[in-house]
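Trainee: Just to be clear, the model below is a prediction. Sequence and coordinates:
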Amino acid sequence: SFRHGKYNEIVLEYLVRYFNGTTREMMELWRVAREYGNETRELEERLIAQMLFTRSHLGSMVTIFESYSKKAALQILKQAYFFYMSFEYFVKEKPVDEMFFLHLENELGINDNLHNVCKCAYLKYCAAKNSLSESSVNICRNGMEELEKNRIIFNFYKKFNKYFPLSGSILDKFIIEYRTEPQDKVFINYCLEQDSGMEEPFGREFVNEEMEQPFQGLYTKAFTLFYGENVKYYITEDTGEQKAHTESRRYTLDDRHVEVGSTRFGMLNDILECMELKEESTVQDLVKKYYVTKSLTEQLF
């Protein structure tokens, strides 16, 4: 009868408690029940669980979760919601409603046990902002510390250098990312070169390595590059039945990308850049500073 618009408050209350149908039907029931002032927590719980299972109506799920989260939400359902939406945004690069990040920020502020992909999703979202609140900066700092401990590092972390100091393992690294089906093995084939075209001592052969997979379907490879150095690479997917060459690119660490000054690698990049510009007095000062820093570091550690 509900499908034909025939219902009263008693019927509506029963349906809210027990009805299971298509996601679209349950969403319409939820809308009507809210208009009538019914308690909708149980319906929201079933609806969110069904949306997560069917992987549909993501935009509507955020709106429904906004209501559900205020009503003693089940922790296991909350964890599933945050994981799934974060995975869609960060790994699959799908657009996600802005409201989701308010939910995620609130949860990260009180829950240290969310999956690492949730922390990455929030960091990536915040990295695109022109400014952040103090609470957001604290959440980002704590999240990044945990991710770094687990060796999960991405290039966009460097954007947070204006908010808090970053370690050398972040500043000195260039990360290649690649997304594909999670069941495939992914290999990167690369060689390092200088701007002059002279290659590294290992010769002209490409080095072949299997890429790391921090999350299913997302593969990474970290490089430490010096100023003027570039990496030329192509990626191979191995499905077990066949191998296919896919992405092929070249990346050069030049003055648009170089990180300078704050780490020993950064100081070396400073020196290399000034040598190219023939700023000899500056080079001498930087070399002295580098060796003082190197000596102090060795004494301390």
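Mentor: Received the coordinates, thanks. It should be emphasised that the depicted structure is a prediction, and the values quoted were computed from it without experimental measurement.

Trainee: In stretch 178-195, which residues are buried?
Mentor: For stretch 178-195, the neighbour count (16 or more other C-beta atoms under 10 Å) marks Tyr178, Thr180, Asp184, Val186, Phe187, Ile188, Asn189, Tyr190, Cys191, Leu192, Glu193 as buried. For the C-beta atoms, the positions are set from N, CA and C on the backbone; glycine is no exception.

Trainee: Which of the three states applies to the nearest residue to the fifth one once chain neighbours are set aside?
Mentor: Residue nearest to Phe187 in three dimensions, not counting chain neighbours: Thr236, with 4.6 Å by C-beta to C-beta, 6 or more residues apart in numbering. For Thr236, the reduced secondary structure class is strand; criterion used: DSSP: H, G, I helix; E, B strand; the rest coil.

Trainee: Could you pull up the residues touching Thr236?
Mentor: Each residue near Thr236 by C-beta atoms under 8 Å, 6 or more residues apart in numbering is listed here: Val186, Phe187, Ile188, Asn189, Lys243, Ala244, His245, Thr246.

Trainee: count of residues packed around the fifth one?
Mentor: Okay, so that is Lys243. 12 (other C-beta atoms under 10 Å).

Trainee: That one pairs with what?
Mentor: Lys243 has these beta-bridge partners by DSSP bridges: Asp238.

Trainee: and the gap between it and Asn189?
Mentor: 11 Å (C-beta to C-beta, to the nearest Å).

Trainee: those strands in the protein, which residues are they?
Mentor: Along the chain, counting by DSSP state E, strands occupy 174-179, 185-194, 207-210, 212-215, 218-223, 229-238, 243-252.

Trainee: out of these, which comes closest to Ala121?
Mentor: Nearest of the strands of the chain to Ala121, taken as C-beta to C-beta: strand 212-215 at 10.4 Å.

Trainee: Now do the buried residues in the closest one.
Mentor: Residues of strand 212-215 classed as buried: Pro214, Phe215 (neighbour count, 16+ other C-beta under 10 Å).

Trainee: for stretch 142-151, same thing?
Mentor: By 16+ other C-beta under 10 Å, the buried positions in stretch 142-151 come out as Gly143, Met144, Leu147.

Trainee: Closest one of those to Lys158?
Mentor: Looking across the buried residues of stretch 142-151 and measuring by C-beta to C-beta, the closest to Lys158 is Met144, at 10.7 Å.

Trainee: Can you name the residues that contact that closest one?
Mentor: Lys119, Leu123, Tyr157, Phe160, Leu166, Ile170.

Trainee: Max pairwise distance over the residues you listed: which two?
Mentor: Farthest pair in these, by C-beta to C-beta: Lys119 and Leu166, 15.5 Å.

Trainee: who has more neighbours, those two?
Mentor: Shown here are Lys119 and Leu166; by other C-beta under 10 Å, Lys119 has more neighbours (25 against 20).

Trainee: so what's that one closest to, chain neighbours aside?
Mentor: Nearest residue to Lys119, sequence neighbours excluded (C-beta to C-beta, 6+ apart): Gly143, at 3.8 Å.

Trainee: Isn't the one you found up against Tyr125?
Mentor: No. The criterion here is C-beta atoms under 8 Å, and Gly143 misses it with Tyr125 at 11.3 Å.

Trainee: any low-confidence regions in the stretch 201-301 of the chain?
Mentor: Low-confidence segments of the stretch 201-301 of the chain, defined by pLDDT under 70: 201-204, 227-228, 242, 251-301.

Trainee: Could you rerun that using 50?
Mentor: 201-202, 255-258, 260-261, 265, 271-272, 283, 286, 290-301 (pLDDT under 50).

Trainee: quick one, what contacts the closest residue to Thr54 other than its chain neighbours?
Mentor: Leaving aside its chain neighbours, Thr54 sits nearest to Thr23 (6.2 Å; criterion: C-beta to C-beta, 6+ apart). Thr23 is in contact with Leu47, Gln50, Met51, Thr54, Ser56, His57, counting by C-beta under 8 Å, 6+ apart.
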